[in-house]
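Participant: Generate a structure from the sequence data that follows.
(chains A and B)
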Amino acid sequence: MKAELEKRLVTGPDGVEFEVDPLRDYYCDALPEVQRPAYLRIVEDLFNWARAESIWILGFGTGCGAIEMRPLMTPRFDAYRYGIQWRPTPRQANLFVISGYLSVKTLKRVIRSYEQMQNPKYVVGLGSCTLNGGMYFDSYNTIKRLDQYLPVDLYITGCMPRPEALLAGFLELKKLIRAGKAEGANQYAANFAWYKANQKQVIHDWDMPDYNW
Amino acid sequence: MPSNADPMSLAGVHARLQALFPLGDLAPRRAGLAFVDLPATCAPPALSHLRDREGFGHLVLLTAVDWLEEELFQLTYLVCNREARLDLGLRVRIPREPARMESIHDIWPTAATYQRELREMFGIDFPGSPRLDEAFILEDWRDIPPYRRDFDTLRFARENFAERPGRETWDPASHMRQRLYPEANPGMDPSVPGDRS
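Facilitator: Prediction:
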């Protein structure tokens, strides 16, 4: 093994010595917590207004429905006028659009990406496949009910929903957020063991931490 | 066997190949595309010959068909001669159990990917093919290979993936018949596929 890969003691800039193992994956493995609303109702309403006006979607097309999101970025539908935009990394996104069928292999990546998103975060299920399997109801590798594995705040039905339907869905999601009813992330934190058990039931090669930020 | 076929046509290729290997008849599909059957042991040398002597430089695909009733797998090697614009499919049949075929990754390195897929989806073994046992699409699959016809995909989906109650299946033909001509089919239940009572 190369010397720089071995465990060693490092002195930090503040003079404190600590051990570093370069081969270890460092992450925060604290479990998710339920985020309580602000103490004052008016403050929480202000927060929710701000959240509703800046929906940043993770640019992760999990299925065929992702093709319907592309026209939303163009001048014809122009979702940006509603404060909706797409971000390249889960760290900068707060909305995960599960676009259509979700294979077990993708579900594993989706869970990892979802957990890396910062609170407050929302999940929108797009298309029939996320609701009840759609045309993939008898497939050997796609899940049929998204809400068994991730907390879904809103479904947009159709196969495929047109970009107009997506816009209507996003506006509906804004209403839910402003009313303080988009509580998916808290639901995930509160029922964490149930979600994990469901996820592990379909993902056999579970080779990732149970939760990682 | 001398042939009066155009030497640049598939019939010409077939005639020259027939002198070397026990080939079946040429089954033309359209101009420039034909299929031919041959024994499994002859496929790799025949492919090598086609690549080196006949200009079939491109392996278009390698795929399998499950002939469950005959207990056979059919492998199809589709090769292409770009200069002459010819496609030739070599079809071989191998037993279903044990499903094993000689690897052709030494003739076309790209074949290794097809062979990995066939290994995972049909359970056909290609001894010596690189990275054969690594997961290709499925991760940690625990059932019989899913493209085998005796794999019941509906049962698998019911057992493994949670279902939302209330999903209804409507047979389009009987549903529309009931909608358009209700008096002609009074007792019919449109939610039962094929119910013509």
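
Participant: Which strand or helix spans the most centrally placed residue in chain A?
Facilitator: For chain A, residue A:114 is the residue whose C-alpha lies nearest the centre (C-alpha atoms, centre = their mean; 3.1 Å). Using DSSP states H and E, residue A:114 sits within helix A:104-116.

Participant: just checking, what packs against that helix?
Facilitator: Helices and strands touching helix A:104-116, by 3 or more C-beta pairs under 8 Å, 6 or more residues apart in numbering or on different chains; DSSP states H and E, are strand A:95-99, helix A:192-202. (C-beta placed from N, C-alpha, C; glycine too.)

Participant: Buried residues in the last one, which are they?
Facilitator: Along helix A:192-202, the positions that meet the burial threshold by neighbour count (16 or more other C-beta atoms under 10 Å in any protein chain shown) are A:192, A:195, A:196, A:198, A:199, A:202.

Participant: List, out of those residues, those positioned next to chain B.
Facilitator: A:198, A:202 (C-beta under 8 Å from any C-beta of the partner chain).

Participant: Please identify which of the buried residues of helix A:192-202 is nearest to residue A:83.
Facilitator: If you rank the buried residues of helix A:192-202 by distance to residue A:83 using C-beta to C-beta, residue A:195 comes first, at 29.0 Å.

Participant: List the residues that contact the nearest residue to the closest one once chain neighbours are set aside.
Facilitator: Ranked by C-beta to C-beta, 6 or more residues apart in numbering or on different chains and with sequence neighbours excluded, the top spatial neighbour of residue A:195 is residue A:188, at 6.0 Å. When contacts are counted by C-beta atoms under 8 Å, 6 or more residues apart in numbering or on different chains, residue A:188 touches A:32, A:150, A:151, A:195.

Participant: Please name the residues that touch the second one.
Facilitator: For residue A:150, the set of contacting residues under the criterion of C-beta under 8 Å, 6+ apart consists of A:96, A:98, A:110, A:111, A:114, A:123, A:184, A:188, A:195.

Participant: Chain B: which of those residues is nearest?
Facilitator: Distance to chain B, by C-beta to the nearest C-beta, is smallest for residue A:195 among the contacts of residue A:150, at 12.1 Å.

Participant: What distance do you get for that closest one to residue A:161?
Facilitator: Distance, residue A:195 to residue A:161, by C-beta to C-beta, to the nearest Å: 26 Å.

Participant: residues touching the residue nearest to the centre of chain A, list them.
Facilitator: A:90, A:96, A:121, A:123, A:150 are the contacts of residue A:114 under C-beta under 8 Å, 6+ apart.

Participant: go on, residue B:100?
Facilitator: Contacts for residue B:100 (C-beta under 8 Å, 6+ apart) come out as B:94, B:124, B:125, B:126, B:127.

Participant: How many residues are close by residue A:10?
Facilitator: When neighbours are counted by other C-beta atoms under 10 Å in any protein chain shown, residue A:10 registers 9.

Participant: Kindly report the same for the one 5 residues further on.
Facilitator: Residues contacting residue A:15 under the criterion other C-beta under 10 Å number 6.

Participant: neighbours around residue A:61, how many?
Facilitator: 17.

Participant: Shouldn't it be within a helix?
Facilitator: No. Using DSSP: H, G, I helix; E, B strand; the rest coil, the assignment for residue A:61 is coil, not a helix.

Participant: Hmm, it is touching residue A:69, no?
Facilitator: Yes. The criterion here is C-beta atoms under 8 Å, and residue A:61 meets it with residue A:69 at 7.1 Å.

Participant: Quickly list what's touching both of these two.
Facilitator: Taking C-beta under 8 Å, 6+ apart as the criterion, residue A:61 and residue A:69 both touch residue A:99.

Participant: if we can go back for a sec, Throw the buried residues of helix A:192-202 into a markdown table and include pLDDT, thanks.
Facilitator: Formatted as a markdown table, the buried residues of helix A:192-202 follow (pLDDT from 0 to 100):
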| residue | pLDDT |
| --- | --- |
| A:192 | 94 |
| A:195 | 95 |
| A:196 | 94 |
| A:198 | 94 |
| A:199 | 94 |
| A:202 | 93 |
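
Participant: Closest one to chain B out of the buried residues of helix A:192-202, please.
Facilitator: Nearest to chain B out of the buried residues of helix A:192-202 is residue A:202 (C-beta to the nearest C-beta; 6.3 Å).
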